[in-house]
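1. No letters, just coordinates:
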């Protein structure tokens, strides 16, 4: 029994040991299986990651390949464009070369643009100043440049300080000659002549630095040359104003007269005078046609030619009052006065003001158009503006304030001097001159205590200083007791503007045309009057009366037509001579009277 129990325990122990061994083996196999699973999962994860990385790398490589392909395409396109541009440039260059070679064969030289450094150097060389107007006189050798400059400056060729002249080319370097009259900010330059061994004509424009000048006189004598064409072409390209001038007119006319059979020993003055007029007209027509044909051949727009005699130009330039000279215009003048006047006017308005002129003209045209259409408003000043203006003009309620207004150059200052009994050069007289001398309103009380008048010299309209479409309000004309609207040659939009505003503000106005004696003398000249003729006093008197009547009728018709065009009622015009007014005021016996006494009486003189 004991043995059986022992055997049973032994069997149980063996069974338990076998169970433990089996359990441990199972756990060991389970652990190995788990470890194998983890290894398999890790391998699979790594394989997945490797696959994903491979995909991303493949994508990047594909994108990089596409980018390289795009860059290559762009580069190819750029290369094609560059190639095409290069081919075009070669084509243009070849065309330019062929054109240059063609022009060179035909004697047409290329236009060369100076560099900024060259411009600066040229300005230093000519002593260029921004406040002056620099005029170059250029052309072929022997054209008479130096003689013309001497005439402009009021000097004879052999006078002290005159530019050297001669048969050969005497000017070897550029010479600078300021204008002797300080009122004219001009500097004249005597440029060495082209067409000589010293100065080849195809290099003339750039070699002489003509591109820095404010305007250029192209002077010629017998022929219009390629040098002249080259200068005009360059000036047109660089927008430099030019004046085509033919000099030595008196010599050329004398030559034509001799070809027509003129004999200096002929004592028949009327025959000589008629022959001179015929030769003069022929010379003028031939010269103008020659210039027109040459400009047309060079594809340059037609341009005026000024025909001058240096002797006559000397007479004009020596006269301090150009328009006085014009009033007694000599029979042998051709274009001398017009040339000098145009040069002076160009100098006054162009110096650094081109853009402002353009803007001002555009505004002026717009205002004039509106005024003609009845659109232009009359601007009523505020009470403050009226008060300020009255203080500015020193308005007194116990005096009668009269403004003399109008466009620049109409003779306002001279008329005020005459009304006050003063000559233009007298002490305390209002400043006068060819240019607009009044920049601010000037106040001139009457010297006669019995006449409680104050005269106001108002700056002229129609200049950059005083735009005419702003004239009435800008000058404060609304504060005056009456206004004299003064005009000379033309009845302008300024005059219409003043009259329109005065009618609106109920300010009395007097339309006055001055310089009657000058205009009548011009009319007499147009009728054939010659101061050298031995006409009787009765003949001269009859001619004067006919010219006076014609001038009066023309003036009245001008005013009537202009007032009618502006839808304004007709109004009387007073035609006066400043000299006659001065005689009346000073109680001298005037020689010729038109409306001077009536004007003074109507002003309650």
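-> That came through fine. All of these numbers come straight from a predicted model, not from anything done at the bench. Residues are numbered from 1 along each chain as shown.

2. Helices of the stretch 351-500 of the chain, start to end?
-> Under the criterion DSSP state H, counting those that start in this stretch, helices of the stretch 351-500 of the chain are mapped to 354-372, 383-392, 412-419, 471-474, 493-505.

3. ugh, typo on my part, it should be the stretch 201-350 of the chain
-> Applying DSSP H, counting those that start in this stretch to the stretch 201-350 of the chain gives helices spanning 204-207, 226-238, 249-259, 269-297, 310-318, 322-327, 336-350.

4. closest to residue 37 out of these?
-> Relative to residue 37, the nearest member of the helices of the stretch 201-350 of the chain by C-beta to C-beta is helix 226-238, separated by 93.9 Å. Backbone N, C-alpha and C define where each C-beta goes, glycine included.

5. For the closest one, buried residues please.
-> Going by neighbour count (16 or more other C-beta atoms under 10 Å), the buried part of helix 226-238 is 226-235.

6. Packing partners of that helix?
-> Using 3 or more C-beta pairs under 8 Å, 6 or more residues apart in numbering; DSSP states H and E as the contact test, the elements touching helix 226-238 are helix 204-207, strand 215-220, strand 242-246, helix 269-297.

7. what does the average pLDDT come to for it?
-> Across helix 226-238, pLDDT averages out at 84.

8. quick one, it and strand 215-220 angle?
-> 160 degrees (axes from the mean of the first three to the mean of the last three C-alpha atoms, to 10 degrees).

9. the inter-axis angle of helix 226-238 versus strand 242-246?
-> Computed with the same axes, to 10 degrees, the direction of helix 226-238 lies at 160 degrees from that of strand 242-246.

10. got any ranges where the stretch 1-150 of the chain has weak pLDDT?
-> Residue ranges of the stretch 1-150 of the chain with pLDDT under 70: 79, 82, 86, 90, 93-94, 96-111, 140-142.

11. before we move on, back to that, and the helices of the stretch 351-500 of the chain, which one averages the lowest pLDDT?
-> helix 354-372 (a mean of 56).

12. Show me the one of the helices of the stretch 201-350 of the chain that comes nearest residue 524.
-> Of those, the one closest to residue 524 (C-beta to C-beta) turns out to be helix 322-327, at 10.7 Å.

13. Do me a favour and average the pLDDT over that closest one.
-> Average pLDDT, helix 322-327: 45.

14. Could you single out the most deeply buried of the helices and strands packed on helix 226-238?
-> Burial among those, expressed as mean neighbours by mean count of other C-beta atoms under 10 Å, is greatest for strand 215-220, which shows a mean of 25.

15. is it true that residue 178 touches residue 189?
-> No: checked against C-beta atoms under 8 Å, the pair residue 178 and residue 189 is beyond contact range at 10.3 Å.

16. Those two: who's more crowded?
-> For residue 178 and residue 189, the more surrounded residue by other C-beta atoms under 10 Å is residue 189, and the numbers stand at 23 against 15.

17. In three-state terms, label that one for me.
-> Assigned with DSSP: H, G, I helix; E, B strand; the rest coil, residue 189 falls in the strand class.

18. what is it paired to in the beta sheet?
-> Here residue 189 sits in beta bridges with residue 136, residue 176, going by DSSP bridges.

19. Identify the residues contacting it.
-> Contacts here follow C-beta atoms under 8 Å, 6 or more residues apart in numbering; on that basis residue 189 touches 126, 134-137, 174-177, 213.

20. domain parsing for the chain?
-> The chain is divided into the following domains under automatic domain parsing: 79-103, 116-350, 370-602.

21. For the ones you listed, please prepare a markdown table with the additional fields distance to residue 40.
-> Below are those laid out as a markdown table (distance: least, C-beta to C-beta, whole Å):
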| stretch | distance to residue 40 |
| --- | --- |
| domain 79-103 | 57 |
| domain 116-350 | 83 |
| domain 370-602 | 98 |
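
22. Distance to residue 472 added to the helices of the stretch 201-350 of the chain, as TSV?
-> Formatted as TSV, the helices of the stretch 201-350 of the chain follow (distance: least, C-beta to C-beta, whole Å):
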stretch	distance to residue 472
helix 204-207	47
helix 226-238	40
helix 249-259	45
helix 269-297	43
helix 310-318	36
helix 322-327	27
helix 336-350	23
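
23. Out of those, which gets nearest to residue 387?
-> helix 336-350 (35.0 Å).

24. Cool, thanks, signing off.
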